[in-house]
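Asks: I need the structure of the sequence given here:
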Amino acid sequence: MKKEIRRNWNKRKSVYFIIKRILGFILALFGLIVLSPVMIITAIAIKLDSKGPVIFKQPRSGRYGEVFYVWKFRSMYVDNDVHDFSKEDAHTRVGNFIRKTSIDELPQLFNILAGHMAFIGPRPWITDYYDNMNKKQRHRCDVLPGITGLAQVKGRNAITIFDKINYDLEYIDNYGLKEDIKIIFLTIKVVLSKVAADAGKNTIQTEITDLKTQEINVEEIANAHSA
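Replies: Numbering: from 1, shown residues only. Here you go, the predicted structure:
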């Protein structure tokens, strides 16, 4: 009986992922066609505003931790290395606008076409995150990363890294077309409210440090209770 339930569940999962992949490909292609004027204008604005490439590419952790390059419109000056914590984020004038409106995310439609990403799923973080997550936390990467996800509509960067991971794991446990549709509508609400934009370097540094020291923190808590 249990084996039959497991087979049916695995079959439903397979059907879900196939439908999600097909719909994602069609919607991404349609989005690129409809939004091409916006993307062309954005590309021209970026080129006129500052020196450097129009598209920003960065290695991120994808499904099962496999590394791929995420594509975004460049919103910062070219000498702004995410691992250089000696200086603040340096956004261009156009960059400030496209970050607030999430226009910088539009090139990720190409990531969806290529099969690197989906519309809905845990956000693809820089590889430092995956390298410092424990085995349980890495289960957030059991599905394709998304342009938006449950953690993004539940607080984005107003919540801790551990809250973000827990929301992603909650999504992994409950994913389905109904859940994806709900997240899409909540994402529209978040984007329109322009609350809690993408993480800056200070946030990234803090979150990676928290992940690196989480085992130490657990030991400290255990010692405190035994004292």
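
Asks: need the helix or strand of the protein with the lowest average pLDDT.
Replies: Counting by mean pLDDT, DSSP states H and E, the chain has its least confident helix or strand at helix 214-226, which shows a mean of 53.

Asks: Could you list the low-pLDDT ranges of this protein?
Replies: Applying pLDDT under 70 to the chain flags residues 1-12, 194-199, 215-227.

Asks: center of it - which residue?
Replies: For the chain, Arg123 is the residue whose C-alpha lies nearest the centre (Cα atoms, centre = their mean; 1.7 Å).

Asks: Would you mind measuring from Phe97 to Ala45?
Replies: Taking Cβ to Cβ, to the nearest Å as the measure, Phe97 falls 9 Å from Ala45. (Glycine included, C-beta is placed from N, CA and C.)

Asks: One more: Asp79?
Replies: For Asp79 relative to Ala45 (Cβ to Cβ), the value is 20 Å.

Asks: More neighbours: those two, which one.
Replies: Ala45 (19 against 9; other Cβ atoms under 10 Å).

Asks: Find the helix or strand that the more buried one is a member of.
Replies: Assigned by DSSP states H and E, Ala45 belongs to helix 36-49.

Asks: if we look at that helix, which residues are touching it?
Replies: 32, 54, 73-74, 92-95, 98, 103, 106-107 (Cβ atoms under 8 Å, 6 or more residues apart in numbering).
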